[in-house]
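Novice: Kindly return the folded structure for what I paste below:
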Amino acid sequence: MDPNLLAVLALIFVALVFDYINGFHDAANSIATVVSTRVLTPGKAVIWAAFFNFIAAFTFGTAVAKTVGSGLVDIKVVTFAVIFAGLMGAIIWDLITWYYGLPTSSSHALIGGYAGAAVAKAGFGAIIVAGWTKTIIFIILAPLIGMTLGFLIMVALLWGFKNFSPGRVDGWFRKLQLVSAAAYSLGHGGNDAQKTMGIIAGVLLAGGYITEFRIDLWVVLAAHAAIALGTLSGGWRIIHTMGSKITKLTPVGGFAAETAGAISLFTATNLGIPVSTTHTITGAIMGVGSIRRLSAVRWGIAGRIIWAWVLTIPASAAIAALIWWGVATTIAP
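Specialist: Numbers count the residues shown, from 1 in each chain. Just a heads-up that it's a prediction; the model follows:
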C-alpha cells in the first residue's frame, strides 16, 4: 500500500478514536442531569443522547469544523506529525481527566494539542491570533452564559409554576426533560463532532487528497458516528461528578440546565465558535443550583473543575509538543 495513503488512513483512525473518547468523556454533559433526576436510567439515557449526537449530522453546518481545521493554526505548517501529536496530546489529557472524574473540555484539549504540536514545529508564528481570540473569549463566556441562562430560566419557571403543586410540576418536567436532554445532546454533537471533522480535513489536505480545505459528507457522518458510539459507552466517573457532586437537581432544574446549555451551544455552533460543551453545562448546573442559595452549589468541587479547565489547553499543548519532538523524525511530514 502507498505509504502516504497508509499514513492518512492511520491518522483518520486516530482522529476517530479521539472523537470516540470525546463522546465517552463528555457523555456526562448530555445525560448527567437526566440521570441524576431519575427521569431516565443510565442505560436509556446514553441511548437517547447518542441518537441525538448522530442526528446532529443533519442539523448543523460545518462552520466550527472550518474554524478548527484552518482558523486556529496556519495550514501551511500542518503535517502528519503535527496532526498525530495534537491528537495524542488531546487523547492522553482526556484519559487523565476521565480517570480523576474531572469534566474538562475535550474541545480545548484538541485545540491545545493541535496548537502545541504546531508551535513545537514552527514556533508561535504558526498560531492564527484572530481565530484564537474568539476561542479564548468563549472559554470565559461559555460557563458564564450557561450559568446566567440557567439562573434566568429557573427563575422564570419557578415564577410561572408557583401556583401549581410540586407533584404536578415534577410530573410535567419529567416528560419535558426528555425534550431538553435531546436538545442538549443535539447541540453537543453539533459542536463537538465538527472539531474532529476539521482535523480529518486537515489530514486529507496534508496528504494531497483534497486541494482546498473542505468537509465532505463521509467525514461528517464518520465523525458523528464516532462521537455517538463514545456517548453510548458512557463516562460514568464524570457523570457522577456532574450529576450529583456539583448540586442536587430536580426535574425542573434539570430542564432549566439542559435548555440553557442547548441555547448556548446552538448559538455558538451557528457562529462557528468551538466552545466547550462541558463548560457550558457545568455553568448552567451551577446557575440552577444557586437559585436556592449559594451554598447549594458545592464550590469546592466547582473549584477543582475550574482548575482543570485552566490547565487543559497548556497541559494538552505540552503533551503534544513532547510527542511531536519524539516522533517528528519517524513520521513522514
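Novice: which residues in the stretch 151-300 of the chain form strands?
Specialist: Counting by DSSP state E, counting those that start in this stretch, one finds no strands in the stretch 151-300 of the chain.
Novice: Could you list the low-confidence segments of it?
Specialist: For the stretch 151-300 of the chain, the stretches with pLDDT under 70 are 234-248, 292-300.
Novice: Now the phi/psi pair for residue 127, please.
Specialist: Note on residue 127: backbone dihedrals following degrees, to the nearest 10 are phi -80, psi 130.
Novice: For it, grab the count of nearby residues.
Specialist: Each residue near residue 127 was counted by other Cβ atoms under 10 Å, and the total is 17. All C-beta atoms are positioned from the backbone trio N, CA, C, and that covers glycine.
Novice: Settle this for me: it is touching residue 73, isn't it.
Specialist: Yes - here residue 127 reaches residue 73: they are 6.6 Å apart, a contact under Cβ atoms under 8 Å.
Novice: Quick check: neighbours shared by the two?
Specialist: 115, 118 (Cβ atoms under 8 Å, 6 or more residues apart in numbering).
Novice: isn't residue 191 right next to residue 107, touching?
Specialist: Yes - using Cβ under 8 Å, residue 191 is in contact with residue 107, at 7.5 Å.
Novice: which residues do these two both contact?
Specialist: Taking Cβ under 8 Å, 6+ apart as the contact criterion, the common neighbours of residue 191 and residue 107 are 274, 275, 277.
Novice: Residue 127 and residue 71, how far apart?
Specialist: Separation of residue 127 from residue 71 (Cβ to Cβ, to the nearest Å) stands at 11 Å.
Novice: nope, residue 280 is what I meant
Specialist: Residue 280 is 20 Å from residue 71, by Cβ to Cβ.
Novice: who's more crowded, those two?
Specialist: Taking other Cβ under 10 Å, residue 280 and residue 71 do not tie; residue 280 has more neighbours (34 against 21).
Novice: dump the residue contacts of the more buried one.
Specialist: Contacts of residue 280 by Cβ under 8 Å, 6+ apart are 29, 142, 143, 145, 146, 261, 264, 265.
Novice: For it, which non-adjacent residue is spatially closest?
Specialist: residue 146 (4.3 Å; Cβ to Cβ, 6 or more residues apart in numbering).
Novice: Name the residues of the helix or strand hosting that neighbour that come out as buried.
Specialist: Element membership of residue 146, judged by DSSP states H and E, is helix 129-160. For helix 129-160, the neighbour count (16 or more other Cβ atoms under 10 Å) marks 131-132, 134-135, 138-139, 141-143, 145-151, 153-154, 157 as buried.
Novice: Equivalent analysis for stretch 179-190, please.
Specialist: Going by neighbour count (16+ other Cβ under 10 Å), the buried part of stretch 179-190 is 180, 181, 182, 183, 184, 185, 186, 187, 188, 189, 190.
Novice: what's the answer for stretch 114-130, then?
Specialist: 114, 115, 116, 117, 118, 119, 120, 121, 122, 126, 127, 128.
Novice: Which members of those residues occur in helices, if any?
Specialist: 114, 115, 116, 117, 118, 119, 120, 121, 122 (DSSP state H).
Novice: what's the distance between the third one and residue 178?
Specialist: Counting by Cβ to Cβ, the gap between residue 116 and residue 178 amounts to 40 Å.
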